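Colleague: Sequence first, predicted coordinates after that:
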Amino acid sequence: MDKITLHLDEARALSHQCLLANGCDDANAAATTDVMIAAEGDGCPSHGLFRLPGYVTALRSGRVDGRADPSIERIAGAVVRVDGRGGFAPLALVRGRQPLIEAARENGIAALSLAGIFHFAALWPETEAIAQEGLCALAVTASRSLVAPAGGTSALFGTNPMAFGWPRKDGPPMVFDQAVSVMAQGEVMIAAREGHELAPGVALDSEGRPTIDAKAAIEGVLLPFGGYKGSAIGIMIELLAAGLLGENFAFEASETTPNDGGPGRGGELMIAMDPARFGDAVGWLAHSEQFFERMLAQDGVRLPGDRRHANRARIMASGFSIPTALHENILHLTEAV
Ligand code: NDP
């Protein structure tokens with residue numbers, strides 16, 4: 001496959017222009033671009049420019065408002081509600097971040113209830129941003145129905161990512177960010193595009209039979225990680241991101257959105273906790289560093305996020321590559337409006 005190398009600044013300008021040309025205002029184009037460039041910058045191509053055509057599809061279909069102006073309201077002492085007003089999630093997250101941090105510092109714990117958003121990105125950027133402020137952060141969102149509950153053969157859950165961030169003494173926070181499916185849909189799409197087989201246990205085909213064919217998996221259904229245990233996490237995320245917030249369950253997002261490669265409407269719950277307000281105000285950071293040290297003393301163990309951080313400096317200096325066909329498509333989507 002032919003590839004083209006881009007520097008992060010070039011990629012940022014490319015994405016920003018493309019989103020502006022397709023109906024975003026500057027604030028939405030910048031915030032949405034930032035999360036794609038963060039993904040490319042950390043070596044996570046499934047949530048980088050690969051997503052841009054899907055964002056454009058959602059803008060062109062008219063279901064996402066590229067000029068949405070999210071509103072913020074403190075609806076309870078420690079609950080901040082952001083109404084994304086039908087826009088992409090990134091601007092709503094930017095608007096909600098500082099109020100969430102302030103509410104968590106005030107109360108020890110606070111929640112951000114995001115509704116009316118179309119989430120199509122990795123969750124680690126928003127979780128890392130909170131953990132960088134010295135807070136512990138948890139984020140969940142439900143996407144469109146793609147994953148069968150344990151024992152089933154039809155899609156019900158979204159791929160429902162969950163991210164968790166914890167501040168470190170030196171260096172970036174520890175952040176894990178994982179889908180409830182064995183493999184995220186974006187990774188399966190990339191495997192299909194590049195002709196790679198899937199590992200066994202990732203998916204069922206449209207007849208409900210196990211498959212390692214990525215294209216058959218896209219026609220069929222993904223499986224939750226860890227059988228019924230991952231399925232239980234899928235249930236929890238649906239209830240927290242949809243039941244709790246009054247937003248779409250993944251099946252409702254699927255039923256109200258055409259399967260056109262763009263995001264469906266849903267909600268996201270973020271919880272921020274101030275570790276200094278839970279009983280170990282002085283020692284919590286050093287104590288948790290002892291835990292990380294004990295963990296990393298084992299050969300073969302690394303922390304989640306280490307791969308991304310290792311990629312960060314390298315990609316900042318020398319850029320990243322995307323398929324030439326994707327680059328041409330982005331140029332076409334920018335010009336042919
Ligand atoms: P992965 O399975 O690739 O990784 C999950 C986590 O495990 C990462 O934090 C990763 O860290 C860590 N990890 C991987 N290998 C190891 C290891 N050997 N030791 C320790 N930690 C490890 O992620 P998924 O495929 O499940 O999800 C990919 C992305 O898709 C996520 O960013 C998620 O937010 C996004 N997504 C978004 C959706 C949406 O609707 N918005 C829907 C579903 C997924 P590292 O990165 O350092 O490897």
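Modeller: Thanks, I have the structure now. Numbering: from 1, shown residues only.
Colleague: who in the protein is up against the ligand?
Modeller: Near the ligand, the residues belonging to the chain are 47, 119-124, 141, 143, 159, 161, 176-179, 183-184, 186-187, 302, 304-308 when assessed by C-beta under 6 Å from any ligand atom. Bear in mind the C-beta positions are built from the backbone N, C-alpha and C, glycine included.
Colleague: Restricted to helices, list the residues you listed.
Modeller: With helices defined by DSSP state H, the entries of the residues of the chain next to the ligand inside them are 124, 186-187, 306-308.
Colleague: Just the buried subset of these, written out for ChimeraX, thanks.
Modeller: Selecting just the buried residues from these in ChimeraX takes one command, with 16 or more other C-beta atoms under 10 Å as the test:
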select :124,186,187,308
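Colleague: Nearest to Ala38 among the ones in helices among the residues of the chain next to the ligand?
Modeller: Minimum distance to Ala38 across these is 8.2 Å, recorded for Trp124 (C-beta to C-beta).
Colleague: Now do the closest one against Ser143, distance only.
Modeller: To Ser143, Trp124 is 16 Å away according to C-beta to C-beta, to the nearest Å.
Colleague: Who are the contact partners of the nearest residue to Glu187 once chain neighbours are set aside?
Modeller: Nearest residue to Glu187 in three dimensions, chain neighbours excluded: Ser46, at 5.2 Å (C-beta to C-beta, 6 or more residues apart in numbering). Residues counted as contacts of Ser46 (C-beta atoms under 8 Å, 6 or more residues apart in numbering) are 39, 184, 186-187, 189-190.
Colleague: Roughly how far does Ser46 sit from Pro224?
Modeller: Note on Ser46: its distance to Pro224, by C-beta to C-beta, is 18 Å.
Colleague: Then Ala286?
Modeller: Remark: distance between Ala286 and Pro224 (C-beta to C-beta) = 37 Å.
Colleague: and if you look at Trp124?
Modeller: Using C-beta to C-beta, we find Trp124 at a distance of 20 Å from Pro224.
Colleague: okay, now Phe291: neighbour count?
Modeller: Close neighbours of Phe291, defined as other C-beta atoms under 10 Å, add up to 10.
Colleague: ugh, typo on my part, it should be Leu296
Modeller: Neighbour count of Leu296, defined by other C-beta under 10 Å: 12.
Colleague: on that earlier part again, of all the ones in helices among the residues of the chain next to the ligand, which two lie farthest apart?
Modeller: Using C-beta to C-beta, the pair of those lying farthest apart is Gly186 and Asp306, separated by 20.8 Å.
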